[in-house]
Structures are given as C-alpha cells and as structure tokens.
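Colleague: Turn this into a structure:
(2 chains, ligands or ions: 2)
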Amino acid sequence: MIELKDIEKYYASKGVKSYILRHVSTTIKQGEFVSIMGPSGAGKSTLLNILGMLEEPTYGSYSFMGEDVTTLNERKRIELYRNHIGFVFQAYHLIDEMTVEENIEAPLLYKKVPGAERRSRVADILDRFNMVAKKDLFPNQLSGGQQQLVGIARALVAQPSIILADEPTGNLQSAQALQIMELFKKLNEEEGITIIQVTHSEVNAAYGSRILHLLDGVIKEDVNL
Amino acid sequence: MFKLNFKIALRNLWKNKGFTLINAGGLAIGLASCMILLLYVAYEWEYDKQFTDYDNTYIIYKNDPVSDQVYTNAWTPGVMAAEIREKISGVKYASRSTYPSNMLITYKNDSYKKQAVHTEPSFLKILDYKFLKGDPNTALQSINSVVLTESLAKTLFGDSDPIGKELKLDNKEPLRVEGVISDVPENSSIQFDYLMSWTLFEKTNPWVKNTDWGSNFCLTMLQLKSNKYFDQANSQMKELVGRNDSDTGVEAFMHPLSKWHLYNDFENGKLVGGSIDQLKIFALLAGCILLIACINFMNLSTARSEKRAREVGVRKAIGSSRSSLIGQFMLESVLLSLMGMIVAFMLMEISLPYFNNLLNLELVLAYRDWKFWGMLVALTLFAGLIAGSYPAFYLSSFEPVKVLKGFSARGGSSLPVRKILVVFQFVFAACLIVCTSVIYQQLDFIKRKPIGYDKGNLIQLTAHGTLKDQKKLPLLKTLLIKSGAASHVSNFSTDISSGGNNTTGIAWPGKNPKNDILFNTRGTGYDFVKTIGTEMVSGRAFSARFKDSTNVIVNEAAVKAMGLKDPIGTVLEWGDDRHTIIGVMKDFVVESAYRDVAPMLFYPDYLDDISVILVRINPSQNITSSVAKIDEIVKQFNPAYPIERTFVNDAFETKFDDEKLLGTLANWFGGFAVFISCLGLLGLALYMAEQRKKEISIRKVLGASTYNILTLLNKDFIKLVAIANLIAFPLAYIIINKWLSGYEFRIQISILPFAIAIALSLIIAILTVSVQSVKVAKANPVDALKYE
Ligand SMILES: Nc1ncnc2c1ncn2[C@@H]1O[C@H](COP(=O)(O)OP(=O)(O)OP(=O)(O)O)[C@@H](O)[C@H]1O
Ligand SMILES: [Mg+2]
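Modeller: Ligands and ions are numbered 1, 2, ... in the order given. Take a look at the predicted model:
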C-alpha cells in the first residue's frame, strides 16, 4: 500500500543543510498497525506528514496505492488524499466555528458526498461514538478526550483506508488514551483500516503490529510484534 | 457546502462582532460616500439628456475675435435661426429664444414673478417637453399663447383646468394658456416656468424687429436630421455670420446640447474643458474612497489571519482544496460587504437631504431604476471581491503542516503588504488634506481680492412696474434718501453681479479695422459711481447738470484695450451714433472674479431699459431697519409688483459656487477618507498588538513603563504616516498646482497646507493607534505569558 524509497528531507538555512530524514525506505502493507517511535526531534512527525502528503520529501520516491505521489499534481493528490487518508492530530485541530456534527461532516462535503448519504454516515458515526447528545456542541464545550474522539470520528467518516495519527493521545490522561487505543485496534482488526501512529508510549505501541524506531532521521529498527 | 460555508461565515462574523462592526462600518462609509458622489456625477452627466433627440441637437456658439483674444459665448443674433433653416444642410429644426428672465405673470389678482422664455414653436420640437395638457404642435403659434409648467399651473389655478385661462404678462399683455408641460428637470440647462411666443417678445420690445447680425440677445438651437450632416453643417455655420456681417470676424459653431453644461470653458475659441474637469475629480474621488475602503477591509481581514490560519490548516488537512477555501473567504467578504451596503443605504438616506441642502440639489435614490440597482450590486460585489481577494488568496496559501505545527502567522511576508496598504491610504488622505486646504486658501484669496467696488451693504432691486419708469425714478430716489435709509441711489441696465449686453460695433480714432474689441455695454443712472462705491480715474461721471445724452464713460480696461493715450474727449462711433468719452471709471468685476476685468462702456440710462435699482444703505443707520424702510417705500411706490431685493454681496457669492462645492465635497469626503484610513490603522494596530503581546509582557516584567511601551508601539505607525506624507506631498503639489493653473488670479502654494496635512494625519494616527496600544500596554503581563 505504501512504499517509501530513499526518502530524504532537509531544511537549508543560511546555506547549511540540516537533515531531518535520511534514506528512509520502508513498505507498509494494507491492514498493518504501525507505531513510529523515537526521541523528540527524530523526525517522526515529519515522516508522518510526508506519508500524509502534507509535506513533500526533498528526495526519494513515495508510492501510495501504486501511484507515485511525488509526481502527482495538486488536484490529483488532494483527490487521493480525500479518498484514502484520515488524519488525527495530537492537538485535535477541530474547527472552532463548527459544531461537532459539522466538524464530522466537513470531509464529506469536500468529497462531495450527496446529502442523504452524508447525513446517514454522520448519524452512524455519532451513534457509534456515543455522541449523539453532543452533536450540537462546539469544540470548546468538550473535554480533551471527547474532542479527540470527534477528531477520530472526523477521520473515519470519509471511510479512509488509512489513518495517520500524530501522538493522538499525547494530550490525554491514560484512561482516555487507552480508550482511543482500543478503538484503533478495533478499527484495524474489524474493518481492516491501516493505522500509522506516532507515539512516545511503549504501552500504546504495543497495540500495534509493528514498530519503526526512528533516530536522527534514520530508521534504526523495524520490529514486527 | 455552500450552506455550511454560509452558516460558518455568519457565525464567524457574529463571533467577532467588534471586528465586523469596524469592517462593515468602514466599508459602509466608503460605499455610501462613493454612491453619493456617483449619484452626483450621474446627475451632472445626465444634464440636458432628457430629450429624445438630444444627441443631434446643438447650441449655436460664436467666437468673437477681439484684439488678440477670442471670446466664446452662446449669445446669438435674432436673425440667425431663420437663416440657419434656410442655408444650413441637414437641419430639421432651428429655434431662437430669449434667455430665461423673471417676469410678472398675473391671474386675476394673484401676481407671481417667474422665469419666462419667449420662443418659437420649433423650440418645442427640438426639446420635446412632456405635454400634460394641450397640443405641442399648435402651442406658441399665436401671439398670446403661453405654456406653463405643471407647478406654475398648480400655483396659478390649483386643481382647475388651466387650458384656455386668461393671464396677464406684466399687467399688460393678455395671455392664453395653451399647454401644460411637466416641470423642467432640475438637470436641464434651460430653466423656466412658462413659455411665451416670440411675436409677443417683438411686440413688447419693438427694437427687436430692427436688430441685425451685430446684436446678440438670443439663444439659438438647432436639430439635425442626423449627425452625418454635422461636419457639413458646422463648416457652413462657420461662414454664416461673416457672410452677413463681414468685417467682425465672428464665427458661429455648433456645440452639442449634451455638452452644453459640462464642456463650457472656451479659451481663445477652443474648448478647453469646463465643469467636466471638476466632475472628473469627483468621479476619481469616488473611486479612491471605494479603493480605500476596500484596502481597509483587506487590512482588517488579514489582521485576523493569524487566528484563522489554524482553521485553514485543519481544513486542508481534512481534504479541502485551495479553491474551496478561497470560496469560503470570498463568501465571508461578500457577506460583509452586503452588510456594509445595507448600512450604506441607511447612511445615504440619512445624509442625502443634508447633501442636497449643501449642494442645492435634489438628488434622490432612484429605487425604481434598474441602473441604480445594477450599480449598487456591482459596487457591492466589486468591493466584496476585491476586498476579499487578498485575505482569501493569502490565507488559503498557508501550508497546513506549518500552520499545524504551532505557527505564528508569516509575519515577515504579510506585514510589509499591510504596511504598504496603510501607507497608500494615508498618501491619499494626506493628498486630500493638502488639496482641501489649498482650495480653501484660493477661495479665501479670491473672495478677499478687491473687486473694484464696495459690495457690502449694497442692495439691488429688480426694476419692474413703476420702478422702470424713468420719469418717476427721481422721486423714489428722493424718498429713499430722505428717509435716511439710503445714502445713494442709482440704476443699472443689468444685474451688477452678472454678464450682459456686449458689442463689438464700436470704433475709435486709430482703430485697426481688423481689431475689434468686445465691450460690455451698460446704461447707468446718475450717482452710479457713488452708489456702488467705486471712483472715477479721470474725467467726470454723468450728471444732471450737464446734457450727457451723447456722452459715454469707459473703464480702465477699455482705455487700455483701445490704446488711447488721452481718452477724455475722444469720440467713439457706435453704430451710426457718435459718443464722446467724458470719464474713465475704475475697473470693477461684473462677471468672473477669476479673470481680468473686460472693457466696459457706460452710457446714460435713457438709452436703454433700467433693469435694477441700486441702493447704498446708509452706513450710519441700523441695517435691518433701513432695509425694512426701503421695502416699505418701494412697496408704496410700486404696489402692483412684489419686492425683489438682493444684497449684492450674496449675489456675488454665487460666483464662487463651483469652488465652494469643490471645497465642501473635498472636505467632507476627505474627512471620510481619513476616517476610513484610521480604521485601517486601527486594524494594523490590533494586529501588531496581537503579535507583540508576548514581547510587551516580557518587557513589562523587565520593568518597562506604560509610556515606554506606548512609544515602542507608536513609533512604527508614526513612521508609516510620515512616509505616506512624504509620498503625498509631491503628488498633492502636482495635482493642486494643475488645479490652480486654471485661475488667472491665484495664490502661491505655501508650506502651510503641507504642515496641516502632516500634523493632522499624525495626530489622528497617534490617537487611533493609542486606543489600541494603551490597552495592550496596560494589560497585566501575566495574562499573556500564562498561555505560552
Ligand atoms: N520548518 C522547519 N525548518 C527547520 N527545521 C525544522 C522545521 N520543521 C521541523 N524541523 C526540524 O526537524 C526535526 C524533526 O522534527 P519533527 O517534528 O519531525 O520531530 P518529532 O520527531 O516529531 O519530535 P517530537 O517527538 O518532539 O514531536 C526537528 O529537529 C525540527 O527542529
Ligand atoms: Mg512530533
């Protein structure tokens, strides 16, 4: 599903290149649950952003479901992205001006899903996440854990084939974190959604099937659990 | 999608009420100013265009070469229209008419002084006024025919049918109402209340019949069958006068009716512009104000971009394309401009009466006119799209990763743009301040410039009825002076503050036959010099002690133009008569205060009708009671006519109407522009304060005082405004210099207006910015730092 070959990323400032990622090559298959780990500043988020097409690598090739992402034009890339990728952020990043329901609905609007289906999908998700009662609240009226649930619901509603999560539980208490991890595991096992998460916690990583250890931009270890 | 975007847009606007208010308010003021100015421009632009065939209708002008100059005017001989009908190709109609003048019209016992025009039936063919009653084809054919405007008919007859009713002109001539037309539109050059036949004019003014090509007292108009005849007709026109009156060198030409009002300034026979120049300034002003409002809008919108950057990032991260983001921001912007438009509407409705009053106009919002709505919608969309474009493209260009990583707005790159916009606004504002001050200085200068006589406390009474009677005039004079209300009384053949009869038909010894001079000719009564408060340079004034019937007086300009070394005793030939110069009067202004005084020739009044009585109010008496006394005496003396009295000073003021209008508009709209610019500045200040919150807090923790912080914050803005002024000065200098060059008499541009501009803009800017920065400077630093 994902194939990275010799991905490099650096920022040049004042003529000095500082490498963030070096020679990153790996393959991730459909249905895997991968955790990326490593010390702060190792380049984990950068790698995830590249996987999520939010950032472009300086060198190297990246193919997503057989398409070479680095050569795609913007429109096609957005298309691919809309249809297959769901993002979950550490800081939730919900849109403050939208209600819970609207936040969840937004990706479907961008995907141009027809109204009736949109409503039923949003209703389903709300139901599944037990948030029907909260659908008209605004993000600042929710707790952190609830906001992250909405974030995940938003990522899921477009029925992506892969979810990318950057420290999804970083801002949460362990109980809430556990709940989210259980959810990921369930999604992965029951619906076959590929999940790639960045995490600092061994416990969280243990939910997955594979761990990539990143150190100074280089994959040091690739462990299958 | 649209629905959600719409909902979010509304929510966003509601959430930031203060911002919405400032932004929509600024836009509203901009739009309202722009619309009102455009309304005025359209009003002027539509002048004389109400007639079906205005496009091929022409006013006959003539160029009078006088010594080395050419005078252009639309006063034409009475014999011209008939000749045009006969000799000029492609003419459909030609008409002659008098210029409108106040005449007394009476129905039963009610008398009114109303604007009257004598003309021929073809006049009604050329200018197809809407006939409410009566037949346009037969009106004005019989000598007693009169056509009334709707309002005059209403005044005279109320609701009863006016057709066939008998009226009296000047209490003598019987008139019969043959038609009622709807009122003459305000923006029509020929303003009248009733039309009468030309034959009646000839009857009441017997001299008219004997006039030839040398005497100009008519307005001549013609309508072509089609404009393809124009070139031919106009070149025939050029020769028309010369063929009949060979040695004057006068050339007639056709000036389009549609340009009559706006293109009315001729120099040496060439069209050089006219009110159109002023109108262009207003149109430009309208555009600039709108632009400023839009810039403001952009500035305020981008000022919030930091807050919205995250939203953009998130939207992109969940699959939004750039174009859909642009759509969202555009939508918000258009929504806001719609709000602005609604407020602008209210502002316009509230302010229009005031402006109408100020400009002496009757502008209305034409709700039923599609053009008005079209304009409105176009302006709103334009403002919304233009104003929204920068934030839309700027915000939508954010890269999601950067934003989401905990971004601080791309301060480096966005600020210069915003600074440039603010500088631009203040350049405009400073330009306006400079120009407005110079306009006022010039106006003041011209008003203070001596006009050659003392126009204060001088009254002018329209001579009608008994007041016109030469034999009874001395009695009135005695009565007025004896009463103590007046110190001197005289009479004049024309309103003293306006143009009038002129002739080139004067010869003097040593005159070059090719070198005609256009003389203003005026009949004056005794004591004229003392009454108006001027003086004789040499010789003497007319006096009852002499027989002056063949004597004349000239002004200094005339002596100079004729090149006479020793004018007194010189004999002039005027037509067939010979006149001796007995005195030279000091020059005084009758027409434009901006130009040199033209040559003038005065003759004793019995040669002509008397049109005004001039009364010098006794300086040692109370003015109000003197005026009341004068009114009383005149009423007793001339009971059949209403008293028509003006202070010459007031009448003279109307000469400055154009400049006053320009000054007033520049002042008001300049004020608005400055105000809107300040909103823009406020926006920038908000933005800066937001950005520097942390810095300021740290500085305060380190011990900076509120004053230190204030200087820190204001320094940047002062710099911006100063830069704007520096850019504005040369610009303003060029513009205002060009404007001033249109005046023969003008002020030197001094440093004062520039000093005013820089002081004013700085003070205003500092005040504006301080509103915001004081708040920031006084804020508790802990609040800002806590969130870091
Ligand atoms: N725009 C940028 N310019 C220069 N350097 C950058 C930029 N963005 C990130 N970096 C650098 O790239 C490196 C990797 O950043 P990244 O966010 O991927 O780390 P991370 O592994 O996710 O760390 P953390 O666990 O703290 O989130 C960091 O050293 C950071 O300084
Ligand atoms: Mg990270």
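Colleague: which ones are touching the closest residue in space to B:Asn457 that isn't next to it in sequence?
Modeller: Residue nearest to B:Asn457 in three dimensions, not counting chain neighbours: B:Ile617, with 4.4 Å by C-beta to C-beta, 6 or more residues apart in numbering or on different chains. (Each C-beta comes from the backbone N, C-alpha and C, glycine too.) Neighbouring residues of B:Ile617 by C-beta atoms under 8 Å, 6 or more residues apart in numbering or on different chains: B:457-459, B:485-487, B:623, B:626-627, B:630.
Colleague: Equivalent analysis for B:Ser97, please.
Modeller: B:117-120, B:123, B:190, B:198, B:218-219, B:221.
Colleague: elements contacting the strand or helix carrying B:Lys113?
Modeller: Using DSSP states H and E, B:Lys113 falls within strand B:110-119. Judged by 3 or more C-beta pairs under 8 Å, 6 or more residues apart in numbering or on different chains; DSSP states H and E, strand B:110-119 is in contact with strand B:91-97, strand B:101-107, helix B:150-157, strand B:194-197, helix B:198-204.
Colleague: Next up, the contacts around the residue in the stretch 251-400 of chain B that ligand 1 sits nearest to.
Modeller: Proximity of the stretch 251-400 of chain B to ligand 1 (C-beta to the nearest ligand atom) peaks at B:Glu399, 9.8 Å away. By C-beta under 8 Å, 6+ apart, the contact set of B:Glu399 is A:54, B:313.
Colleague: before we move on, the earlier item: of the contacts of B:Ile617, grab the buried ones for PyMOL.
Modeller: In PyMOL, this line selects whichever of these come out buried by 16 or more other C-beta atoms under 10 Å in any protein chain shown:
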select buried, chain B and resi 457+458+459+485+486+487+626+627+630
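Colleague: how about the contacts of B:Ile617 in CSV, adding pLDDT and secondary structure?
Modeller: Converted to CSV, the contacts of B:Ile617 look like this (pLDDT from 0 to 100; DSSP: H, G, I helix; E, B strand; the rest coil):
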residue, pLDDT, secondary structure
B:Asn457, 88, coil
B:Leu458, 92, strand
B:Ile459, 91, strand
B:Ala485, 89, coil
B:Ala486, 91, strand
B:Ser487, 92, strand
B:Ile623, 87, helix
B:Ser626, 90, helix
B:Val627, 90, helix
B:Ile630, 91, helix
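Colleague: Turn the contacts of B:Ile617 into a markdown table, including distance to B:Arg540.
Modeller: Output for the contacts of B:Ile617, formatted as a markdown table (distance: C-beta to C-beta, whole Å):
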| residue | distance to B:Arg540 |
| --- | --- |
| B:Asn457 | 25 |
| B:Leu458 | 22 |
| B:Ile459 | 26 |
| B:Ala485 | 28 |
| B:Ala486 | 23 |
| B:Ser487 | 20 |
| B:Ile623 | 31 |
| B:Ser626 | 29 |
| B:Val627 | 31 |
| B:Ile630 | 28 |
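Colleague: Quick check, central residue of chain A?
Modeller: A:Leu164 (1.6 Å; C-alpha atoms, centre = their mean).
Colleague: Tell me what that residue is bridged to.
Modeller: Counting by DSSP bridges, A:Leu164 is bridged to A:Phe87, A:Ile196.
Colleague: In terms of pLDDT, where does it sit?
Modeller: For A:Leu164, the pLDDT comes out at 92.
Colleague: number of nearby residues for B:Thr199?
Modeller: Residues lying near B:Thr199 (other C-beta atoms under 10 Å in any protein chain shown) number 16.
Colleague: Of all the residues in the stretch 351-500 of chain B, which one is nearest chain A?
Modeller: Closest contact between the stretch 351-500 of chain B and chain A, by C-beta to the nearest C-beta, is at B:Val401 (4.7 Å).
Colleague: my read: that residue touches A:Leu54, true?
Modeller: Yes: using C-beta atoms under 8 Å as the test, B:Val401 is close enough to A:Leu54 to be in contact (4.7 Å).
Colleague: Between the two, which is the more surrounded one?
Modeller: Taking other C-beta under 10 Å, B:Val401 and A:Leu54 do not tie; A:Leu54 has more neighbours (22 against 19).
Colleague: Could you check how far A:Lys14 is from B:Lys402?
Modeller: 19 Å (C-beta to C-beta, to the nearest Å).
Colleague: more crowded one of the two?
Modeller: Set A:Lys14 next to B:Lys402 and count neighbours by other C-beta under 10 Å: B:Lys402 wins out with 15 against 4.
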